[in-house]
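> show me the folded form of this:
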Amino acid sequence: MTGKSRLKKLREFGFVLAGGLTVIFGILGPWLRHHPAPLWLWLVNSLLVVLALLAPRSLGPLERLWMRLGLVLGAINSRIILTAMFYGVFTPMGSLMRARGHDPLRRRLDPAAASYRLPSRERPGSHMAKPF
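Residues are numbered from 1 along each chain as shown. Okay, the predicted model is just below:
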């Protein structure tokens, strides 16, 4: 990444972080808890905006830490979501299909069958004349 684009990214990071903190702790927090926004929020936001404008390189370590935290939380969240989907959707659906005797892959063994091969359907040659 070039120097100017890196500075731009760090500047954007400072503004987005200050905006996110303002929304969460300056708007939602006071609205839900019925108390004024804390003073530390405005001090931290002011510092972030000043650093983003005047010295965006100083936000580099904070941005790297933030990205590492995001990677860790993303890995944890994806496992939680996938586990919930598997045990909340796919397992009950499979159990219900088994209970009803539905076998979409035709895996049931038939001792009398000579072969499990399914003959393919014959198609006319004209089906490839205009494929799209």
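> hey, which helix or strand in this structure has the poorest pLDDT?
Sorting the helices and strands of the chain by mean pLDDT, DSSP states H and E puts helix 29-33 at the bottom, at a mean of 84.
> okay, buried residues for that helix please.
Buried residues in helix 29-33, defined by neighbour count with 16 or more other CB atoms under 10 Å: residue 29. The way it works is simple: take the backbone N, C-alpha and C, and place the C-beta from them, glycine included.
> same question for stretch 10-21.
Neighbour-count burial for stretch 10-21 flags 10-11, 13-15, 17-18, 21 (criterion: 16+ other CB under 10 Å).
> pLDDT (mean, whole number) over that stretch?
Mean pLDDT, stretch 10-21: 92.
> what ranges does the chain have for its helices?
Secondary structure of the chain (DSSP state H): helices at 3-21, 29-33, 39-54, 60-85, 91-100.
> check contacts around residue 106.
When the contact criterion is CB atoms under 8 Å, 6 or more residues apart in numbering, the partners of residue 106 are residue 116.
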